[in-house]
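K.L.:
Next come a sequence and a model predicted from it.
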Amino acid sequence: MAVTLDINGKPTAIQAAPETPLLWVLRDELGMTGTKFGCGVAQCGACTVHLDGQPIRSCVTPIAAVGTAKITTIEGLSGQHPVQQAWVRHDVPQCGYCQSGQIMSACALLAQKPKPSDEDIDNAMAGNICRCGAYQRIRAAIKDAADFGPPQGDKHADIDEAIVAASGATNRGAGR
Amino acid sequence: MNAPVSPKDLAQARPSRRDVVVASALVGGTLLVGCSPADIMSAGSKVEVGAFGPFIKIAPDGVVTVISKHVEFGQGNHAGLAAIVAEELDADWTKVQVEQAPANAKLYANGALGAQLTGGSSAIANSWDQLRKAGAGARAMFVQAAANRWNVAVGEVTVKDSVLTHTSGKTAGFGELLADAAKVPPPTDVKLKDPKTFTLIGTDRVRRKDAQAKSDGTARYTQDVRLPDMLTAVVAHAPRFGAKVKSLDAVDAKKVPGVVDVFEIPTGVAVVAQTTYAARMGREALKLEWDEDKAEKRGSAAIAQLFHDVAAGRNTETKWEAFDQRGDATALASAKGEKVFETTYEFPYLAHATMEPMNCVAAVDGGKVKLTFGSQGQTLDQLAAAKIVGCLPGSVEIETLFAGGSFGRRANFQSDYVAECVHVAKKVGKGRPVKLVWTREDDMRAGYFRPLTIHAVKVQLDKDGYPAAWRHRIVSQSIMKGSPMGGKGPDQTAIEGTAGSPYLKATPIVDAQVALPDVGVPVLWWRSVGATHTAFVMEHTIDQLAAKAGKDPIEYRRALYTKAGADRHLAALNLAVEKASAPTVGWTRGVAVHESFGSVVAQVAEVKLEDGVPRVGRVVTAIDCGVAISPDQIAAQMEGGTCYGLSAALFGEVTLTDGQIDQTNFDRYRVLRINEVPMVETNIVPSGNPPSGVGGPGTPVIGPAVANALFALNKTATTRLPFVRSES
């Protein structure tokens, strides 16, 4: 069927069977490959996009269910969104494959709760798997983006200097 | 750094000459007698090398591109490799970028493995000398060019942040001097910096170069490859390992809109379509019967029982191989009493479960092959493709992309998913690119698991409570058997970590043996390889021995390390314990220490039980990995490695029922999520030694640290992983 979807603020005409998951329309029909395929059954969160601001798993969302809702994908962020900047500051990504989904979940969380608690972060992010285990930095980056910590600069440096001076060893992780 | 082939184990591990020659002989002509395997493997390659050698390119704007022979799948090696070059070159770190090397075993072989292969946590270690020399050589060429231009002595020219300065004050950047420098003959002997004068290595300026691309969706993975006229393929695999297609009815599948072709390949039935979704729908419409005559039909419980029988001597068909025998251990076999400790441990099959399921893009046009994917073992993949197509391995072109995780999965001797893609692309032919996509279920069912493994341990303590005699039996599956990299003697990947343990070194009488029965479930290295089970066995056993001896487990380790001369173990343990300081109220501590890939990691883990499930709070880590090139990425690997190891220890288990995999997606293969993650603190032991591994060593220590905390908490030892078992 031919439908027009609102993707990142642009009306986008697509041609696909109504039961086709949004994920495959984005990736295969439109070439928007920032949104990833991970599990196909809404277990890993790699395919997370926003539907009217709500995080959804595009791998199990048929295009017939989208209607006129506004779709936002990782390509719809500026690349310099505060969450993306925090991700870079903390060197969050390792393999990076899950990070589009992580960032979309984090953006939705912060839009709803500008100052999330650890529990809020757990609840909002537990649907996004990261096999590299970058979770500690994901949490730190969300708090940083929420302006809990120093918003700019290299926060490790002062910690390191103090510890190197004291022991000759470097320490990181504490307090992040 | 992530991927797990131990350089020590594989020092002899090169694609055998015979194998390579057989491959090249297939083209029916060029038999490259008298050449090294690297020569043969690179024959037909058209890689061009610039003025500054195979690892450095410099553009007219002064931007330095470091060419990485190692794939980046999260381990941060691209940052570290670039920093090594930038340090010796005195390049402006903000104007350094990284590019992936093409496939060419002669130029880009892993010095530890003899093939172009990222593994064994060896990327930085095997590149250290090579890239320092490359950077220093290029620097010398620029200095000479500046001296020539200014007509001054080279000793009067200094370099900082990509700018050359003469004592008179004259300056010129890399870009300005590029043409002249490129004409200077590369020096044959270069002077490397004194590590004490490093200004980039070891600082927090060494950060990832790919963080932006991996945060805005532009980083390119195999899954994202889109080429003109490209088709997508999925493959219907047999439900059991070793089964073959018996009958195929593709009539309905071919009717699915978008499906282009359906055909049989050695591993199953390929459905080729215009889109991923169409290919999957086509596969669902296949009518298939399988010939399971030669299939592995045993369940994992039966396999575990077999291994227990072998370990206990009830099954005598499997050959034992000794790997550490000292003194006469015969008395220990029948020894009893309060000074005797005896137990068995069981470890399940584990899936790597990378976020990006296995995939590959191939185009085959006659004898021409182009692969575009996150290749981990380019040389192995070239060999596999060349055998299928019948061409020179070196002529198989590979564009290596970012890989969405590997943990060892993407490097295997069969190049399983790569070969599958090449078979499909060969049938499609005409150079038309085909993207092979595996679903999560395909990926989980394909095997190549961390082997199911049993350890049986019996230890006699001396009058002071220290091990006097140690009997050790390991039953596992061989990863190396039958591979071109299989060396002599017992498969090191099954014993490393028990073999070489300081605790065995400190024991006068040792009888350690391994048996590796044949099982039809494909197995492979899995982040930190043998250490995934040996670290658990050695470290958890030590706490139980200390308890038997009435000693504190930390003091017990210190005594044994001193006895064994294991100074680095002692230093790492001491640093972790010192940094951990006072325990957090309400939490119980467990300690573990293990050496893998040349690095020693010690962890102090704080654990409590919540509804019977272990909860890990704070993990204080100390690592000795030689010179720390990127402290930030070392910390990232300790954090990530701990999560990977904890995920497996808590939940990781692949089971088979009558030969079929039970866990096919993340719903049943439970992995660690953000609400279950500990806070990992990383401390680096200062060291002037050459760098050693970081990707693997962070993984195997947390499991035994948690087991030891639980043992301290409730006096119950853990004899089977995972801690949380869905079927129990």
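P.N.:
Ah, there it is.
K.L.:
those strands in chain A, which residues are they?
P.N.:
A:2-7, A:10-15, A:48-51, A:54-57, A:70-72, A:170-172 (DSSP state E).
K.L.:
Output those strands in a markdown table, with mean pLDDT and mean neighbour count appended to each entry.
P.N.:
In this view, the C-beta of every residue, glycine as well, is placed from N, C-alpha and C. Shown next, in a markdown table, are the strands of chain A (pLDDT from 0 to 100; neighbours: other Cβ atoms under 10 Å in any protein chain shown):
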| stretch | mean pLDDT | mean neighbour count |
| --- | --- | --- |
| strand A:2-7 | 95 | 15 |
| strand A:10-15 | 96 | 12 |
| strand A:48-51 | 98 | 24 |
| strand A:54-57 | 98 | 20 |
| strand A:70-72 | 98 | 20 |
| strand A:170-172 | 44 | 24 |
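K.L.:
Quick check: which of those strands is nearest to chain B?
P.N.:
Taking Cβ to the nearest Cβ, strand A:170-172 is the member of the strands of chain A nearest to chain B, at 4.5 Å.
K.L.:
just to revisit the earlier point, make TSV from the strands of chain A and add distance to chain B to it.
P.N.:
As requested, the strands of chain A are exported to TSV (distance: least, Cβ to the nearest Cβ, whole Å):
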stretch	distance to chain B
strand A:2-7	13
strand A:10-15	11
strand A:48-51	11
strand A:54-57	12
strand A:70-72	12
strand A:170-172	4
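K.L.:
Include distance to residue B:330 when you put these into JSON lines, please.
P.N.:
Converted to JSON lines, the strands of chain A look like this (distance: least, Cβ to Cβ, whole Å):
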{"stretch": "strand A:2-7", "distance to residue B:330": "74"}
{"stretch": "strand A:10-15", "distance to residue B:330": "75"}
{"stretch": "strand A:48-51", "distance to residue B:330": "62"}
{"stretch": "strand A:54-57", "distance to residue B:330": "61"}
{"stretch": "strand A:70-72", "distance to residue B:330": "71"}
{"stretch": "strand A:170-172", "distance to residue B:330": "49"}
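K.L.:
looking at those strands, which is closest to residue A:137?
P.N.:
strand A:170-172 (10.8 Å; Cβ to Cβ).
K.L.:
Which residue is the nearest non-sequential neighbour of residue B:468?
P.N.:
Sequence neighbours aside, residue B:462 is the residue nearest to residue B:468 in space, at 3.9 Å (criterion: Cβ to Cβ, 6 or more residues apart in numbering or on different chains).
K.L.:
ugh, wrong one, residue B:255
P.N.:
residue B:285 (7.3 Å).
K.L.:
which ones are touching the one you found?
P.N.:
Residue B:285 makes contacts with B:252-253, B:255-256, as judged by Cβ atoms under 8 Å, 6 or more residues apart in numbering or on different chains.
K.L.:
elements contacting the longest helix seen in chain A?
P.N.:
Once chain A is assigned using DSSP state H, the helix that runs over the most residues is helix A:99-112. Judged by 3 or more Cβ pairs under 8 Å, 6 or more residues apart in numbering or on different chains; DSSP states H and E, helix A:99-112 is in contact with strand A:48-51, strand A:54-57, helix A:82-89, helix A:118-125, helix A:135-145.
K.L.:
what about residue B:614, which helix or strand?
P.N.:
Using DSSP states H and E, residue B:614 falls within strand B:613-624.
K.L.:
what pairs with that strand, and is each one parallel or antiparallel?
P.N.:
Strand B:613-624 pairs in its sheet with strand B:599-610 (antiparallel), strand B:679-684 (parallel), by DSSP bridges.
K.L.:
Just checking the distance from it to the centre of its chain.
P.N.:
Distance of strand B:613-624 from its chain centroid, counting by Cα atoms, centre = their mean, to the nearest Å, is 22 Å.
K.L.:
List the buried residues for that strand?
P.N.:
Buried residues in strand B:613-624, counted by 16 or more other Cβ atoms under 10 Å in any protein chain shown: B:614, B:616, B:618-624.
K.L.:
immediately after it, which helix or strand?
P.N.:
With DSSP H and E, the next secondary element past strand B:613-624 is helix B:631-650.
K.L.:
in that following helix, what's buried?
P.N.:
B:631-650.
K.L.:
Neighbours of residue A:126, how many?
P.N.:
Counted by other Cβ atoms under 10 Å in any protein chain shown, the residues lying close to residue A:126 total 15.
K.L.:
distance of residue A:22 from chain B?
P.N.:
11 Å (Cβ to the nearest Cβ, to the nearest Å).
K.L.:
My understanding was that that residue contacts residue A:71; is that so?
P.N.:
Yes - assessed by Cβ atoms under 8 Å, residue A:22 is found in contact with residue A:71 at 7.2 Å.
K.L.:
Mind listing the shared neighbours of those two?
P.N.:
Joint contacts of residue A:22 and residue A:71 (Cβ under 8 Å, 6+ apart) are residue A:49.
K.L.:
element containing residue B:589, please.
P.N.:
According to DSSP H and E, residue B:589 maps onto strand B:588-596.
K.L.:
Mind listing residues that contact stretch A:78-89?
P.N.:
For stretch A:78-89, using Cβ under 8 Å, 6+ apart, the contacting residues are A:77, A:92-93, A:99, A:103, A:106-107, A:110, A:141-142, A:144-145, A:152, B:211-212, B:215-216, B:218.
K.L.:
run the last query once more with 7 Å
P.N.:
A:77, A:93, A:99, A:103, A:106-107, A:110, A:141, A:144-145, B:211-212, B:215-216 (Cβ atoms under 7 Å, 6 or more residues apart in numbering or on different chains).
K.L.:
Repeat that for stretch B:159-175.
P.N.:
By Cβ under 7 Å, 6+ apart, the surrounding residues in contact with stretch B:159-175 are B:58, B:60-62, B:90-92, B:95, B:139, B:142-143, B:146, B:150, B:152, B:156-158, B:177.
K.L.:
Could you pick out which of those residues are located in strands?
P.N.:
B:58, B:157-158.
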